[in-house]
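*Asks:* Test case, fold it:
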Amino acid sequence: QVQLVESGGGLVQAGGSLRLSCVASRRTFSTSTMAWFRQAPGKEREFVAAITRSGLSRNYADSVKDRFTISRDNAKNTVYLRMNSLKPEDTAVYYCAADLYASGPHSDYVGYDYWGQGTQVTVSS
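*Replies:* Okay, here's the model as predicted:
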């Protein structure tokens, strides 16, 4: 079992920045593809970004490309999501996810084995 705990959400004005963190409970974190998804009220969960175990390959949704950066620190079992130039449409609950077996930074939420409880990000206009 892998537990994922997100933090760093909050209320920010449009144009502002936040950094989300997700700490994993097991050392298998270092061999897992990690991702961030988000879900806004009344909408389906959507892919935001993913990163491979080595950190060398990353994948972003078009809506966040050039504004968000995913990174990881395997020594700390932590994955980060740096969010710049935030927009009101970025408002959502952000979830961290782990795929223990993937080789690439895929966006298919069905393939992710473990999920965190989510952290709320609210961007005011």
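*Asks:* alpha carbons only for contacts and neighbour counts from here, please
*Replies:* OK.
*Asks:* count of neighbours near residue 41?
*Replies:* 9 (other CA atoms under 10 Å).
*Asks:* Output the below-cut-off pLDDT ranges for the chain.
*Replies:* 27 (pLDDT under 70).
*Asks:* So residue 107: helix, strand or coil?
*Replies:* Here residue 107 is coil, with the state taken from DSSP: H, G, I helix; E, B strand; the rest coil.
*Asks:* Number of residues surrounding it?
*Replies:* Once other CA under 10 Å is used to define contacts, residue 107 is seen to have 19 neighbours.
*Asks:* Hmm, residue 47 and it touching each other?
*Replies:* Yes - at 5.7 Å, residue 107 and residue 47 qualify as touching, with contact defined as CA atoms under 8 Å.
*Asks:* Now list whatever residues contact both of those two.
*Replies:* Residues within reach of residue 107 and of residue 47 at once, by CA atoms under 8 Å, 6 or more residues apart in numbering, are residue 35.
*Asks:* which stretches of the protein form strands?
*Replies:* Along the chain, counting by DSSP state E, strands occupy 4-7, 10-13, 18-24, 33-39, 46-51, 58-60, 68-73, 78-83, 92-99, 114-115, 119-124.
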